[in-house]
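*Asks:* below is the sequence, then the predicted model.
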Amino acid sequence: MTAAPNPKLGPVSLVRTVYRHYRAYRRRLGALIVISAVAAVLEATIVIGIAGLASMLVSGETELSHGFFGLTIRISRSQALIALVVIVVVRAALDFVFIRLKASTAARYEASKRVEMLEAFLAADWDHQSGEQVGAFQNAISQLLNQCRIALLTTIQWSQAGISLTVMLAASVVAAGVASIILMVSLVVLALIFRPLLRRSHEAAGHLRESSSDYAVQLNETVSMAREIFVFDSADAVMEETRSITSRVRRALTQYDVSSGLLGSMYTNAIYLGAVAGLAVLLAANVDSPAPYAAMVLLIFRGLGYGRTFQSNYQSLVSATPYLDGLDERLDGYHAARRPVGTVVMERPFRSLELRDVQFHYEPGHPVLHHLELRIDAGDTLGIVGPSGAGKSTMLSLLLRMRTATSGTVALNDRSVDDYEARSWADVVTYVPQEALLFDRSVSDNIRCFRPDISDEEVRDAARLARILDEVEQLPDGFDTRVGERGSRLSGGQRQRLCLARALAGRPELLILDEPTSGLDLASEEAVRVTLEGLKGQVTLVIVAHRLSTLRICDRVVVINHGTIEASGAREELEAGNAYYAEAVRLAKLV
């Protein structure tokens, strides 16, 4: 559910919040404010000029005379008309510049924030990346950022309306003096009378926002859980709940539209009433020159239109502050979690990877790995087994330096893994995940994986090493064949071996695999196993597996249980001396 805006957020706090979020665009916003001020002055001049020309036409005068701060300005009817045309053209040109600059500012903001968010996400540590749900990040990129872009446009319109309102009211005072002040005070009194209706409109907007958010959540869950709803025949109950939420949306929408409509109607009629009252006063006073007073009425009438825009944009900005805060908090979280970057270039060959008295916990005081001691030498083929939740995946994340040990040392070639810079690390140590995820791109793009230094020949060699070359060449477009979303055009075994090829394309020396045959049929599992067996001796292999058949190629197997290394040795030794491994072998024979 979207967070509700803070009802106590005042104008000063709002300005601070908006400035903090958009401060990188302060020069552009400053330029827009200057353009708005000049355009408002020109508009006020146009209104005064129109009132003066109308008065000249009615009275038959051929010359307009008006005093400003002790100076008397005289201008003929034709000169006034030409001047007005020039001013209108200049103001139209300013409007074009304003609209163009406003649109480009909003577009630049959104584009830069999209890049900044993705860059900050990719630079964050694995705890933040793994904890980020795909839907939540997409929502932040699309909906949250879109709301912030709209808030930027609203900020610009709010500033423009505020400047224009100020200029119009100031010009009315210059034109008609005390009469203008009296009329403005009367309208302020009317505005105070309308405050309860304004409050009701704000409350209705809040109810509408909450109920709409509830409906969006319900709709999203219904679509994503459609299979479960079908299997358990829950459609009627889901629809009953959805109808209830929809009714709340209907009531909130009706309340909001009615209160907003009444407020708009009363606001407009109050403006008209003020204009009529001003004209009545002029008629009763029988003034000699009505032009200044007519200009006053027009200026105040136009100013109140800007006032309404200013007020509505203010409320929109108050409602948008949770989006601004939410985006800032998300970015601050990514920046604060930026993973450390090493500076040492890793030298080949790979000699060893060690865990030295390593402990790790996700929450202080609750360790999940206890005093791990493990050494992997060049050329080893090491298997890792253990029950679910034993700590296998956490240990792999330490070996891959995706996470940092709470205590102890993870060392590669007798140096802390955190010392190495990212590119040389990735050249030596690679990974094949349990779930074979692919980009919706060509086969060669997936093997290359955004590493432009990998040649076409190296892509082909990697496919050969992964034993998928023949199958790729039989595809409609060979290496240029698109694999579909998440690799949907390939079989499970093909996807897994393509991931193997991706890992091998950089000619690594240490390859870590997490459940490489999980979820595969027997034929695909055997293809992957044969592929790994072909790599034995060429690459150091670390394989986490539930299926013991995958471990037949391993020289040594480590059993991890309850966050500790319970046993380590050859498969025959473990079957004879480790209860967990012996039971796993017994169960595997039953399958």
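*Replies:* Thanks, I have the structure now.
*Asks:* wait, what's in contact with L144?
*Replies:* Y323, G326, L327, R330 (C-beta atoms under 8 Å, 6 or more residues apart in numbering). Quick note: C-beta positions are derived from backbone N, CA and C, even for glycine.
*Asks:* domains in the chain, by residue range?
*Replies:* 11-336, 352-590 (automatic domain parsing).
*Asks:* any chance of these in CSV with mean pLDDT and distance to T343 as columns?
*Replies:* Output for the domains of the chain, formatted as CSV (pLDDT from 0 to 100; distance: least, C-beta to C-beta, whole Å):
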stretch, mean pLDDT, distance to T343
domain 11-336, 78, 16
domain 352-590, 86, 6
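*Asks:* quick check: which of these is buried the most?
*Replies:* domain 352-590 (a mean of 18; mean count of other C-beta atoms under 10 Å).
*Asks:* returning to that earlier point: distance to R250 and secondary structure for the contacts of L144 - can I get that in CSV?
*Replies:* Shown next, in CSV, are the contacts of L144 (distance: C-beta to C-beta, whole Å; DSSP: H, G, I helix; E, B strand; the rest coil):
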residue, distance to R250, secondary structure
Y323, 25, helix
G326, 28, helix
L327, 31, helix
R330, 33, helix
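*Asks:* looking at those residues, which two lie furthest apart in space?
*Replies:* Y323 and R330 (10.7 Å; C-beta to C-beta).
*Asks:* centre of the chain to the helix or strand where R27 lies, how far?
*Replies:* Using DSSP states H and E, R27 falls within helix 26-59. Centroid separation for helix 26-59 versus its chain: 40 Å, with C-alpha atoms, centre = their mean, to the nearest Å.
*Asks:* of the contacts of L144, which is the nearest to A123?
*Replies:* R330 (13.6 Å).
*Asks:* distance check, the closest residue to R441 other than its chain neighbours against F439.
*Replies:* Residue nearest to R441 in three dimensions, not counting chain neighbours: R482, with 6.4 Å by C-beta to C-beta, 6 or more residues apart in numbering. Separation of R482 from F439 (C-beta to C-beta, to the nearest Å): 9 Å.
*Asks:* R77 now?
*Replies:* 72 Å.
*Asks:* again with G492
*Replies:* When G492 is compared with F439 (using C-beta to C-beta), they lie 17 Å apart.
*Asks:* ditto for L145
*Replies:* Taking C-beta to C-beta, one finds L145 at 23 Å from F439.
*Asks:* how about stretch 385-401 as PDB, C-alpha atoms only?
*Replies:* These are the backbone C-alpha positions of stretch 385-401, laid out as PDB (Å, rounded to 0.1, in the frame of the first residue of the first chain):
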ATOM      1  CA  VAL A 385      26.600 -32.100   0.000                       C
ATOM      2  CA  GLY A 386      24.300 -31.600   3.000                       C
ATOM      3  CA  PRO A 387      20.700 -31.300   4.000                       C
ATOM      4  CA  SER A 388      18.600 -28.200   3.000                       C
ATOM      5  CA  GLY A 389      19.400 -25.300   5.300                       C
ATOM      6  CA  ALA A 390      22.800 -26.700   6.200                       C
ATOM      7  CA  GLY A 391      24.700 -23.600   4.900                       C
ATOM      8  CA  LYS A 392      25.800 -24.800   1.400                       C
ATOM      9  CA  SER A 393      24.600 -21.800  -0.500                       C
ATOM     10  CA  THR A 394      25.900 -19.400   2.100                       C
ATOM     11  CA  MET A 395      29.300 -21.100   1.900                       C
ATOM     12  CA  LEU A 396      29.300 -20.800  -1.900                       C
ATOM     13  CA  SER A 397      28.500 -17.100  -1.600                       C
ATOM     14  CA  LEU A 398      31.600 -16.700   0.600                       C
ATOM     15  CA  LEU A 399      33.700 -18.600  -1.900                       C
ATOM     16  CA  LEU A 400      32.400 -16.400  -4.700                       C
ATOM     17  CA  ARG A 401      33.000 -13.300  -2.400                       C
END
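*Asks:* got the contact list for that stretch?
*Replies:* 126, 353, 355, 358, 360, 368-369, 372, 384, 403-405, 410, 417-418, 425, 429, 431, 512, 514, 542, 544-546, 548, 551, 557-563, 566, 580-581, 584.
*Asks:* apply 6 Å and report the result again.
*Replies:* Residues outside stretch 385-401 that contact it (C-beta atoms under 6 Å, 6 or more residues apart in numbering) are 368-369, 384, 403, 405, 410, 417, 431, 514, 544, 559-561, 563.
*Asks:* adding distance to A83, write these out as JSON lines.
*Replies:* Shown next, in JSON lines, are those (distance: C-beta to C-beta, whole Å):
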{"residue": "V368", "distance to A83": "80"}
{"residue": "L369", "distance to A83": "82"}
{"residue": "I384", "distance to A83": "86"}
{"residue": "R403", "distance to A83": "72"}
{"residue": "A405", "distance to A83": "78"}
{"residue": "V410", "distance to A83": "79"}
{"residue": "V417", "distance to A83": "76"}
{"residue": "Y431", "distance to A83": "74"}
{"residue": "D514", "distance to A83": "78"}
{"residue": "V544", "distance to A83": "82"}
{"residue": "V559", "distance to A83": "92"}
{"residue": "I560", "distance to A83": "87"}
{"residue": "N561", "distance to A83": "90"}
{"residue": "G563", "distance to A83": "85"}
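*Asks:* tell me which two in these are the farthest apart.
*Replies:* V417 and N561 (24.6 Å).
*Asks:* what strands flank the helix or strand where Y431 lies, and is each parallel or antiparallel?
*Replies:* Under the criterion of DSSP H and E, Y431 resides in strand 429-432. Here strand 429-432 has these sheet partners by DSSP bridges: strand 510-514 (parallel).
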